[in-house]
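K.L.:
Got a predicted model here, sequence first, then my questions.
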Amino acid sequence: MAELDVRKPLPAITPEAKTFWDNAAEQKLTIQRCQACQAWVWTPKPLCNECGSDKVVWTPMSGKGEVYSFTVIRQVVGRAASKSFEPDIPYVIAWVDLEEGPRLITNIIGCPVDKVELGMKVTVQFEKASEKIWLPKFKPA
Amino acid sequence: MSITNKAAIVGIGDTPTDRLGSKPGEPRKSSAEYIAWAMQLALEDAGLSLKDFHGQGLGVTIPTAYPQPFWPEEVSEILGITPGFLLGGATGGAGAVSLIGGMSAAISAGLIDLALVVGAAAPFSEHWGGGIQPGDMRDWEIPYGTMGPNSKIAMVMRRHMHEYGTTLDHLGKIAVTARYHASLNPLGYLRTPMTIDDYKNSRLVADPVRLFDCVMPANGGKAYILASPERAKTLRKKPVWVKGFGERSNPSYGPRAGSDALVMGVKDAGRVAMEMAGVKHKDINFLQLYDDYVIVVYLQIEDLGFCKKGDLKFFEDTDFTFKGQLPIQTGGGIINCGQPSTAGGVHHILEGVRQLRGEGGERQVANAKIGLISGLGVLPYGKNLGCCAVAILGNEV
Ligand SMILES: [Zn+2]
């Protein structure tokens, strides 16, 4: 039987997300913004989900936000790739609302799991996952 | 346009569920065997035979466990049917209810006058490797270590508790009620009644989601048969009429990049279905709500408009048992009867039909005339459930 692959799964660098990952590798958090109606577009899309315009432009974000909600992962379940997260247990997955508006699924790092709270102010910190992928995670501000 | 009273459910088939070895003597059956078994039960119930379905409708719920784009066609091969109208229920756990809409519309338009809808899965006896498919989950969720829907529903549950003061007592009441009903259902799997403390003491899976918040995967098959009014009147059982139907996919409440995750698409789907059926809240005798999680049942009761969002007192004061003011989950739900992947959505339809026929046994809702059934599927990035379908069924034209 083959060895279980315990490497963490990485996102694919899709055409619509390439700029996001290029910027992330330079420690810059950017989100698409519609030039026609000013709506934020997240996750990356070929057009504005509010008005349909294709004039969506990658826009720098402050990297500041707050925890909308979170969960503490205490056991791995499901697909084989989940196993790769076992050494990190317990860890926090959160919805972070950026101060500009968009809500991201991310990890809260640099904070004991029992100290994470709703409404907690956080700031982005990129973590290297591969040569090309730096994941935006968040730590207490 | 409306499909009210244009089609009726005339047959149901519900196999026992199993978890392959969790209880002694459980069988090892394939999806194909469950599909055939469920269909046979439904044919017997309706007084129809296989040959009645040639050139008619076949709807199949598409399981999430493995990619099989030709699954509905393969099911026709398994069963030996040559459908004249073939639909795949591709809205996850909502598929079973979505297919009530699609098939009733086809019957109403005169394309067919019978439709078999069937679903099955055997996650404990069949295994597929399955890579991670393209999409938001692969690119924006799994790299952070999300563990399927548990992670996202846990965040919904915590936020609801934070905003409205919802406690484990409020949520536990739903869980205890459903288990009580399962104890009265011969097709229940978890049939030992539980207390609110059993719920509160069940182990944490993804804070604040506990084991007894979660649906229970199982092997099993389920089916129902729809017929035109003319056919329905000639068959064995009293027809259960489709009174209303509504569906909302990819719902967003507020900006799409930051939608209100505490509101579900049943808010829209339910309103459309109730308007079509011409019923008000007081007319509805029971709810069979899709129950992948306890909090999801709770949110639906709010979003269907039975109370205001965050009205804790309503949940404290209402008796949700089959004897109460607002019976819910009278068969126990799939949390207690088992979820054969997306075929789990059929459970709620079958229980609704039993209640409207007066076949509810020890858990029969007295004088039930109108019931609301919901189906839900998929948890998209940053939002609540993505596919929401609601059907109103009734036993009078
Ligand atoms: Zn726009």
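P.N.:
That came through fine.
K.L.:
For B:P67, the count of nearby residues, please.
P.N.:
As a burial measure, B:P67 scores 12 neighbours (other Cβ atoms under 10 Å in any protein chain shown). All C-beta atoms are positioned from the backbone trio N, CA, C, and that covers glycine.
K.L.:
buried stuff in stretch B:196-209?
P.N.:
B:199, B:202, B:204-209 (16 or more other Cβ atoms under 10 Å in any protein chain shown).
K.L.:
ok, which pair from those residues is furthest apart?
P.N.:
B:Y199 and B:A206 (16.0 Å; Cβ to Cβ).
K.L.:
What about the buried residues of stretch B:196-209, which are in helices?
P.N.:
In helices, defined here by DSSP state H, the members of the buried residues of stretch B:196-209 are B:Y199.
K.L.:
Contacting chain A as well, which ones from the buried residues of stretch B:196-209?
P.N.:
The subset of those within reach of chain A, by Cβ under 8 Å from any Cβ of the partner chain, is B:204-209.
K.L.:
In strands only, show me these.
P.N.:
Of those, the ones assigned to strands by DSSP state E are B:204-206, B:209.
K.L.:
Nearest the middle, which residue of chain A would you pick?
P.N.:
The centroid of chain A falls nearest to A:T106 when counting by Cα atoms, centre = their mean (4.3 Å).
K.L.:
and that residue, that's in a strand?
P.N.:
Yes. Assessed with DSSP: H, G, I helix; E, B strand; the rest coil, A:T106 lies in a strand.
K.L.:
Beta-bridge partners for it, please?
P.N.:
A:A94 (DSSP bridges).
K.L.:
Touching, it and B:T146? I think so.
P.N.:
No. Using Cβ atoms under 8 Å, A:T106 is not in contact with B:T146; the gap is 10.3 Å.
K.L.:
Quick check: neighbours shared by the two?
P.N.:
Overlap of the contact sets of A:T106 and B:T146 (by Cβ atoms under 8 Å, 6 or more residues apart in numbering or on different chains) consists of A:I93.
K.L.:
For stretch B:227-247, output the C-alpha coordinates as CSV.
P.N.:
Output in CSV follows, covering the C-alpha atoms of stretch B:227-247 (Å, rounded to 0.1, in the frame of the first residue of the first chain):
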residue,chain,number,x,y,z
ALA,B,227,-48.5,10.7,-10.6
SER,B,228,-50.8,13.0,-12.6
PRO,B,229,-54.2,13.5,-10.9
GLU,B,230,-55.9,11.0,-13.3
ARG,B,231,-53.4,8.3,-12.6
ALA,B,232,-53.3,9.1,-8.8
LYS,B,233,-57.0,8.5,-8.5
THR,B,234,-56.7,4.9,-9.8
LEU,B,235,-53.9,3.8,-7.5
ARG,B,236,-53.7,1.9,-4.1
LYS,B,237,-53.1,4.7,-1.6
LYS,B,238,-54.7,8.1,-0.9
PRO,B,239,-52.8,10.7,-3.0
VAL,B,240,-50.7,13.2,-1.2
TRP,B,241,-50.9,16.4,-3.3
VAL,B,242,-48.1,18.7,-4.2
LYS,B,243,-49.6,22.1,-3.1
GLY,B,244,-46.6,24.4,-3.5
PHE,B,245,-42.9,24.5,-4.4
GLY,B,246,-40.1,27.0,-4.1
GLU,B,247,-36.4,26.9,-4.6
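K.L.:
Looking at it now, give me its mean pLDDT.
P.N.:
Averaged across stretch B:227-247, pLDDT comes to 97.
K.L.:
Centre of the chain to it, how far?
P.N.:
With Cα atoms, centre = their mean, to the nearest Å as the basis, stretch B:227-247 stands 19 Å off its chain's centre.
K.L.:
Mind listing what's buried along stretch A:41-59?
P.N.:
Buried, per 16+ other Cβ under 10 Å, within stretch A:41-59: A:41-45, A:48-50, A:56, A:58.
K.L.:
Also stretch B:16-25?
P.N.:
B:16-19.
K.L.:
what's the closest of the ones next to chain A among the buried residues of stretch B:196-209 to B:G92?
P.N.:
B:V209 (18.9 Å).
K.L.:
For chain A, which segments count as helices?
P.N.:
Counting by DSSP H, the helices of chain A are A:18-25.
K.L.:
near the ion, which residues of chain A?
P.N.:
Contact residues, chain A versus the ion (Cβ under 5 Å from the ion): A:34, A:36-37, A:39, A:48, A:50-51, A:53.
K.L.:
taking the buried residues of stretch A:41-59 one by one, which sit in strands?
P.N.:
Using DSSP E, those in strands are A:41, A:56, A:58.
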